[in-house]
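Visitor: fold the following, please.
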Amino acid sequence: MAKELWADNAPPPRLTISVSSVVLLIAAIPLLVLLWQLKSLLLLVMISVVLACSIAPVVDWAEQYRVPRWLSVILVYLTLIGGLVLLGVLIGPTVFEQLERLIRRVPVSIRGLLNEADAWLTAFTDTRSFTTNELFTQLIDVQSLISWTIKSSQQLLVRSYGVTTGILGSVLSLVLALFVSGYMVADSRTLVKNLTRLLPSPWDERILAQMPPMAQRIGGYLRGRFVVSALLSVATTVGLSLIGLRDLAVGLGAIAGVTNLIPFLGPILGAIPALLVAIPQGGWTFLWVFLIYVIAQNLETYILDPLLVGTSVGVHPLYQLLAVLGGTQVLGIIGALIVPPWIAGGAVLLENLYLRPKFIAERQQRRSKALPELAGFQADS
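Guide: Sure thing, here's the model as predicted:
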């Protein structure tokens with residue numbers, strides 16, 4: 001029976017491997033090794049592209065007023081660097097002073113939390129045979145825990161810096177990234193056309209057409225992220241000052257601004273030190289601090305992110321979270337900033353070059369099948 005079926009129908013498919021496929025597979029191995037050796041250059045290009053896409057709208061706007069693109073790039077970078085230096089001069093000493101004060105208060109806050117738990121447990125059980133404070137003292141050395149937390153935070157920063165400098169080389173390479181990004185923006189049209197010419201037709205024209213929306217999403221993500229973080233930093237500083245934490249408001253606001261650069265996880269990380277220092281102030285202060293960060297997180301999630309970041313990303317929040325976690329795991333803090341915009345840019349290619357043509361082809365196929373059925377129905381009627 002099986003032989004008759006094979007005889008009547010086409011022969012069964014066979015797995016064939018062509019010589020060209022073998023050659024491509026063999027050539028891919030040294031190519032992957034070469035890319036791994038050039039990982040520093042690849043990261044430099046990734047950072048440069050994100051920076052270039054971030055300042056491109058300003059350069060395009062200045063070009064409308066006949067300002068040369070190279071001059072616009074220089075003015076934009078000088079303005080940004082000057083603004084950061086001025087901000088550091090104005091609030092830098094205050095931030096560092098309050099951060100040192102914050103580090104000294106954290107052990108006291110944890111002790112106060114343990115004492116509160118001890119008092120609550122004592123009032124509840126009416127016994128002090130083995131209190132909560134003694135239990136935590138025996139199980140956990142608070143001072144060692146604080147030292148470990150500070151050391152872990154420093155290691156995270158050192159790791160992020162180490163990964164960055166180990167891959168990029170040094171601070172000089174960061175300056176090189178600014179230079180490369182500036183060159184990309186100044187001569188972007190010629191550069192993009194020359195790169196797309198390497199692709200076979202019609203993919204050269206297709207990829208070239210997708211460059212503007214890709215650049216818009218990549219740059220829009222980073223610009224929106226920085227604007228959201230700056231607004232939340234100011235709002236947090238003002239809110240903490242109003243409830244009586246004026247001596248730590250600027251430092252905690254700076255922490256909130258930095259941590260909010262990381263979506264999803266940033267607001268939670270920024271709230272932890274503020275909640276700790278609010279414990280000795282009493283229950284009402286702790287409640288107000290908690291409400292301030294809850295309001296800030298909801299403001300970011302439902303208002304600022306949709307207006308300033310969400311419209312420029314076009315990626316599901318789950319994929320953004322995975323991009324943040326993956327980028328942080330591989331590249332540290334800098335990975336949490338540059339990987340999500342690249343995912344957003346890649347989503348443009350996926351949508352416009354695969355998903356949209358696929359949906360159009362499926363719709364046309366359904367229509368082509370429906371037309372004969374409709375014609376047969378009309379003939380029968």
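Visitor: where does this structure have low pLDDT?
Guide: For the chain, the stretches flagged by pLDDT under 70 are 1-22, 112-171, 310-315, 370-381.
Visitor: could you pull out the strands for it?
Guide: Counting by DSSP state E, the chain forms no strands at all.
Visitor: measure Gly327 to Ile334 for me?
Guide: For Gly327, the distance to Ile334 equals 8 Å [Cβ to Cβ, to the nearest Å]. All C-beta spots, glycine's among them, are computed from the backbone N, C-alpha and C.
Visitor: my bad, Ser229
Guide: Relative to Ile334, Ser229 is positioned 15 Å away (Cβ to Cβ).
Visitor: mind listing the helices for the stretch 101-250 of the chain?
Guide: 132-139, 142-168, 171-186, 188-196, 203-242, 246-259 (DSSP state H, counting those that start in this stretch).
Visitor: what comes up buried for the fifth one?
Guide: This means helix 203-242. Going by neighbour count (16 or more other Cβ atoms under 10 Å), the buried part of helix 203-242 is 207, 210-211, 213-226, 228-229, 231-233, 235-237, 239-241.
Visitor: that helix to helix 188-196, inter-axis angle?
Guide: Angle of helix 203-242 versus helix 188-196, following axes from the mean of the first three to the mean of the last three Cα atoms, to 10 degrees, is 130 degrees.
Visitor: same check on the third one?
Guide: With the same axes, to 10 degrees applied, the angle from helix 171-186 to helix 188-196 works out at 100 degrees.
Visitor: residues near Arg101, how many?
Guide: 13 (other Cβ atoms under 10 Å).
Visitor: dump the residue contacts of it.
Guide: Counting by Cβ atoms under 8 Å, 6 or more residues apart in numbering, Arg101 touches 247-248, 251.
Visitor: nearest to Ser40 among these?
Guide: Closest approach to Ser40 among these (Cβ to Cβ): Gly251, at 34.5 Å.
Visitor: what about the residue lying closest to Gln297 once chain neighbours are set aside, how many neighbours?
Guide: Once flanking residues are discounted, Gln297 sits nearest to Pro267: 4.3 Å by Cβ to Cβ, 6 or more residues apart in numbering. Pro267 sits with 22 neighbouring residues when counted by other Cβ under 10 Å.
Visitor: got it, and the one 3 residues further on?
Guide: A total of 26 residues lie near Gly270 under the criterion other Cβ under 10 Å.
Visitor: in space, what's closest to Val95 - neighbours in sequence excluded?
Guide: Nearest non-adjacent residue to Val95 (Cβ to Cβ, 6+ apart): Ala254, at 4.8 Å.
Visitor: test my guess that the one you found contacts Phe96.
Guide: No: checked against Cβ atoms under 8 Å, the pair Ala254 and Phe96 is beyond contact range at 9.4 Å.
Visitor: of the two, who's got more company?
Guide: More crowded of Ala254 and Phe96, by other Cβ under 10 Å: Ala254, with 21 against 12.
Visitor: can you pull the contacts of the more buried one?
Guide: By Cβ under 8 Å, 6+ apart, Ala254 lies in contact with 91, 95, 99, 233.
Visitor: and of the residues you listed, the nearest to Leu32?
Guide: Using Cβ to Cβ, Ser233 comes nearest to Leu32 of the contacts of Ala254, at 41.7 Å.
Visitor: surely that closest one is in contact with Gly266?
Guide: No: if you go by Cβ under 8 Å, Ser233 and Gly266 don't touch, sitting 11.1 Å apart.
Visitor: and for those two, which residues touch both?
Guide: Here Ser233 and Gly266 share the contacting residues Asn260, scored by Cβ under 8 Å, 6+ apart.
Visitor: what residues does stretch 280-291 touch?
Guide: Applying Cβ under 8 Å, 6+ apart, the set of residues contacting stretch 280-291 from outside is 105, 108-109, 112, 240, 243-245, 271, 274-275, 278-279.
Visitor: chain center to that stretch, what's the gap?
Guide: With Cα atoms, centre = their mean, to the nearest Å as the basis, stretch 280-291 stands 31 Å off its chain's centre.
Visitor: only C-alpha atoms, please: export it in CSV.
Guide: Presented in CSV, the C-alpha positions along stretch 280-291 are these (Å, rounded to 0.1, in the frame of the first residue of the first chain):
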residue,chain,number,x,y,z
PRO,A,280,13.3,57.0,62.2
GLN,A,281,11.2,60.0,61.3
GLY,A,282,8.0,58.2,62.3
GLY,A,283,5.1,56.5,60.6
TRP,A,284,3.6,59.5,59.0
THR,A,285,6.9,60.5,57.3
PHE,A,286,7.3,57.0,56.1
LEU,A,287,3.8,57.0,54.7
TRP,A,288,4.3,60.3,52.9
VAL,A,289,7.6,59.1,51.4
PHE,A,290,5.9,55.9,50.3
LEU,A,291,3.1,58.0,48.7
